[in-house]
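Asker: Sequence first, predicted model second:
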Amino acid sequence: MVPSQVLVLGFALVIFFGALLLTLPQATQNGLGLPFLNAVFTATSAVCVTGLVVVDTATTFTNFGQWVILLLIQVGGLGFMTFATLFAMILGRRITLKQRLLLQEALNQVSVEGIVRLVRSVLKISFAIEAIGALILTLRWQSDFGWSKALYYGIFHSVSAFNNAGFDLFGNFSSLTAYVGDPVVNITIMLLIICGGLGFIVLADLLGPRKRYRLHTKIVLQVSAALILIGAVVIFLMEFTNPKTLGPLPIGTKVLAAFFQSVSPRTAGFNTLNLAGMYDTTLLSMIVLMFIGASPGSTGGGIKTTTFIAMVLSVLSTYRSDPHVVLGGRTLPKDVIQKAWAITTSAAVLVFLIVSILSLTERTDLLTVLFEVTSAFGTVGLSLGITPYLTDVGKMAIILTMFIGRVGPLTLAFVLSQKKNKKAHIKYPDERIMIG
């Protein structure tokens, strides 16, 4: 079994065991356990760090059920191979070549050199950021809930935000709407989302001793900042007078809320505004942000920021009749451009097919369905409110979309990056066809 198959099977097994735990009587408030399909949906959403929920996390689950979800989020965000390596290191076992190859694919690396050192860095950085986030949120919420509950909420929402999961404990599917004007909660959650979405390679690069950053790091930072800024400006301008969203808020809160809702579609799933009350133009812009998603090797989904910029530059090069795609003073190899287009085309086809299915099974408008499906593919978790009312077919379609969104593009990128077969290939004569 090749590494990509092992990773896909591993994610599926984690989801299955997580679903079984959520069906236990101890997992739910009513003592009956979650129905199996809903349990699979919730476990998939947690492992794939999506955040779409068919039942309210705060009112449905016991502390045991919520801790199961939190563990699934952590394993899904960092990767089960990362945790397997952690346990192996704790037990003092040697990391085999096969395990290193699996880690290479899981972290989207081009070689196994230094892979174990990278895993150590990933674990240290992740736990440190989550701990800092949990501390800040605990200090903020202790006056609202008391120290015990504030600590619990701080840990849960810090892990959920850093892993771009979007699960919350505030009940009634309200997410963070009660804190729309709270700068501490907003800024902390935004920074956690951004850190988790940059990618572990970028974080290691930024926090390491290196004085010159990789081209990858520079591009990820530039594209991420541009998308957040553009998204915030669009949301601010479009929703400025909307009485259901930004309209009644003070100007400072409007700016804060606009930035938060621009950061969140980068695969996080938290919201401080009523999404169902937004204008269609705003929702379309958020769909684009969700489709692009986070960056490679991160806790987020989507086609990824680097894939997006590679495609844009490829189109511009075609317009200029330039045979080379140049980025940051470097020429991008042809196979990189081909992979970018392959990933984006596959993602677009997947979204189209699932939207087609849900448009038949769900009684709602097309924009709402497109928003839901794109949110599932990008492992975002934002919803216009139809998730709890999905039919069984709709739930299974979204489950499949979340799973492919988490493992599909990553696996596809890895498979396409394999070295070409050294055997001779037959080269047929060239002949042009008309394009456009």
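Answerer: Arrived safely. Numbers count the residues shown, from 1 in each chain.
Asker: Ramachandran angles for Val325?
Answerer: Taking degrees, to the nearest 10, you get phi -100, psi 120 for the backbone angles of Val325.
Asker: Which strand residues bridge it?
Answerer: Beta-bridge partners of Val325, counted by DSSP bridges, are Leu332.
Asker: My guess is it contacts Thr331. True?
Answerer: Yes. Look at Val325 against Thr331 with CB atoms under 8 Å: they come within range, at 6.8 Å. C-beta: built from backbone N, CA, C; applies to glycine.
Asker: Tell me which of the two has more neighbours.
Answerer: When Val325 and Thr331 are compared for neighbours, Val325 comes out ahead with 22 against 11, by other CB atoms under 10 Å.
Asker: mind listing what that one touches?
Answerer: Residues in contact with Val325, defined by CB atoms under 8 Å, 6 or more residues apart in numbering, are Ala310, Leu313, Ser314, Ser317, Thr331, Leu332, Ile337.
Asker: the helices in the stretch 1-150 of the chain, which residues?
Answerer: Along the stretch 1-150 of the chain, the stretches classed as helices by DSSP state H, counting those that start in this stretch are 3-22, 36-47, 57-60, 63-78, 80-90, 97-106, 115-145, 147-162.
Asker: Restricting to C-alpha, output the first one in PDB.
Answerer: Which is helix 3-22. The C-alpha coordinates for helix 3-22 follow below in PDB (Å, rounded to 0.1, in the frame of the first residue of the first chain):
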ATOM      1  CA  PRO A   3       1.700   6.200   1.400                       C
ATOM      2  CA  SER A   4      -1.200   8.200   0.000                       C
ATOM      3  CA  GLN A   5      -3.500   5.200   0.400                       C
ATOM      4  CA  VAL A   6      -2.300   4.700   4.000                       C
ATOM      5  CA  LEU A   7      -3.100   8.400   4.800                       C
ATOM      6  CA  VAL A   8      -6.600   8.200   3.300                       C
ATOM      7  CA  LEU A   9      -7.300   4.900   5.100                       C
ATOM      8  CA  GLY A  10      -5.900   6.400   8.400                       C
ATOM      9  CA  PHE A  11      -8.200   9.400   8.200                       C
ATOM     10  CA  ALA A  12     -11.200   7.200   7.500                       C
ATOM     11  CA  LEU A  13     -10.400   4.900  10.500                       C
ATOM     12  CA  VAL A  14     -10.000   7.900  12.800                       C
ATOM     13  CA  ILE A  15     -13.400   9.200  11.600                       C
ATOM     14  CA  PHE A  16     -15.000   5.700  12.100                       C
ATOM     15  CA  PHE A  17     -13.700   5.300  15.700                       C
ATOM     16  CA  GLY A  18     -14.600   8.900  16.500                       C
ATOM     17  CA  ALA A  19     -18.100   8.300  15.200                       C
ATOM     18  CA  LEU A  20     -18.400   5.100  17.400                       C
ATOM     19  CA  LEU A  21     -17.400   7.100  20.500                       C
ATOM     20  CA  LEU A  22     -20.100   9.700  19.700                       C
END
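Asker: packing partners for it?
Answerer: Using 3 or more CB pairs under 8 Å, 6 or more residues apart in numbering; DSSP states H and E as the contact criterion, the elements in contact with helix 3-22 are helix 36-47, helix 63-78, helix 80-90, helix 97-106, helix 392-416.
Asker: quick one, phi psi at the most centrally placed residue in the chain?
Answerer: Within the chain, the residue whose C-alpha comes closest to the C-alpha centroid is Gly300; the distance, by CA atoms, centre = their mean, is 2.4 Å. Torsion angles at Gly300 (phi, psi; degrees, to the nearest 10) stand at phi -100, psi 180.
Asker: got a pLDDT number for it?
Answerer: At Gly300, the predicted lDDT confidence score is 81.
Asker: and if you look at Ile155?
Answerer: Residue-level confidence at Ile155 comes out at 96, pLDDT.
Asker: Phe260 versus that one, what's the distance?
Answerer: In this view, Ile155 and Phe260 are 21 Å apart by CB to CB, to the nearest Å.
Asker: now swap in Pro183 and tell me
Answerer: Separation of Pro183 from Phe260 (CB to CB): 10 Å.
Asker: Who has more neighbours out of these two?
Answerer: Here Pro183 and Phe260 are set side by side on neighbour count (other CB under 10 Å), and the busier one is Phe260, at 25 against 12.
Asker: Mind telling me what element that one is part of?
Answerer: Assigned by DSSP states H and E, Phe260 belongs to helix 251-263.
Asker: For that helix, give me every contacting residue.
Answerer: Residues contacting helix 251-263 (CB under 8 Å, 6+ apart): 180-181, 183, 186, 189-190, 193-194, 227-236, 239-240, 245-246, 249, 270-273, 286, 289.
Asker: in that helix, what counts as buried?
Answerer: Neighbour counts over helix 251-263 (16 or more other CB atoms under 10 Å) mark Thr253, Lys254, Leu256, Ala257, Ala258, Phe259, Phe260, Gln261, Ser262, Val263 as buried.
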